[in-house]
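Colleague: I need the structure of the sequence given here:
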Amino acid sequence: MKKVLTLAVAAALAGGTAMTHAYEAGDWILRAGAVTISPDADSDQVPGLGVTVDIDDDTQLSLIGTYMATERFGIELLAATPFTHDVDVQEVDLQAGEVTHLPPTLSIQWYPRGGSSGWQPYFGLGVNYTFIYDEEVNSDLEGIVGKADLDLDDSFGLSASAGVDIPFGDHWAFNAGIWYIDIDSTAEITLREAGNAKVKFDVDIDPWVYNIGIAYKF
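Modeller: This is a model prediction of the structure:
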């Protein structure tokens, strides 16, 4: 996905002569495609186990809406189908569990070429709220600690983004975008066979998010 995004940005720079209507105040832009969440995860050591955890990538369908408040500033909502990630123990080859989440992200965007025809780069700053649910403990981990439950707190954090629309018609464009999102959570493992003893540790998920798709301007 990272290589595809790099090629897309290069294509954007080469596609400056492609023409479409300029973005104007009151326009709506709908972007859809494939979005990959690639966590740059880091965690505290799990108390009693002396290990840390990592979180794998996942790709889902994206649906991103933008309203142009002016010809240079837009309001974007990033949405997608739910992401499911494996949670792995870093020090050994062991899958600890699985988590599902939704990370809606609201951003204010700046379009330096807003009001001009042709390709449209943009940059954004925003806020993210990540809903984490359906946490599961893998049987491999339960084979070590016994029956257990896993819970991760929801997260609220900031985000930064950049992207480009490369027009191929009056309303259609190819889109590539990237976000960095601050997602921090506290994980809690309940050991049911140890009197429901609880083990807590912090997890910084902090993913890079890559989107490739198409855009339509209303």
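
Colleague: what's the burial count for Ile29?
Modeller: Number of residues near Ile29 (other Cβ atoms under 10 Å) recorded here: 23. Where C-beta positions appear, they are placed from N, C-alpha and C, glycine not excepted.

Colleague: for Glu91, that is, sorry about that
Modeller: Glu91: 13 surrounding residues under other Cβ under 10 Å.

Colleague: Please name the nearest non-neighbouring residue to it.
Modeller: Counting by Cβ to Cβ, 6 or more residues apart in numbering, Glu91 lies nearest to Val51, which is 4.8 Å off, once chain neighbours are set aside.

Colleague: Contact partners for the one you found?
Modeller: With contacts defined as Cβ atoms under 8 Å, 6 or more residues apart in numbering, the neighbours of Val51 are Gln45, Val89, Gln90, Glu91, Val92.

Colleague: ok, 10 Å please
Modeller: Counting by Cβ atoms under 10 Å, 6 or more residues apart in numbering, Val51 touches Ser43, Gln45, Val89, Gln90, Glu91, Val92, Leu94, Ala96, Phe201.

Colleague: what's the neighbour count on the first one?
Modeller: Here the neighbour count serves as a burial measure; for Ser43 (other Cβ under 10 Å) it reads 19.

Colleague: Check the offset of the longest strand seen in the chain from the chain's centre.
Modeller: If you go by DSSP state E, the chain has its longest strand at strand 120-137. Counting by Cα atoms, centre = their mean, to the nearest Å, strand 120-137 is centred 5 Å from the centre of its parent chain.

Colleague: same thing with stretch 72-86?
Modeller: The mean C-alpha position of stretch 72-86 is separated from the chain mean by 6 Å, Cα atoms, centre = their mean.

Colleague: residue ranges with poor pLDDT in this structure?
Modeller: Residues of the chain meeting the criterion pLDDT under 70: 1-21.

Colleague: Mind doing that once more with 50?
Modeller: Applying pLDDT under 50 to the chain picks out residues 4-5, 7-9, 11-18.

Colleague: Look up how far Gly146 lies from the most far-flung residue of the chain relative to its centre.
Modeller: Relative to the C-alpha centroid of the chain, counting by Cα atoms, centre = their mean, Gly195 is the outermost residue, at 36.8 Å. Going from Gly195 to Gly146 by Cβ to Cβ, to the nearest Å gives 11 Å.

Colleague: With Gln109 instead?
Modeller: Note on Gln109: its distance to Gly146, by Cβ to Cβ, is 49 Å.

Colleague: Between those two, point out the one with more neighbours.
Modeller: Between Gln109 and Gly146, Gln109 has the larger neighbour count (other Cβ under 10 Å), namely 23 against 12.
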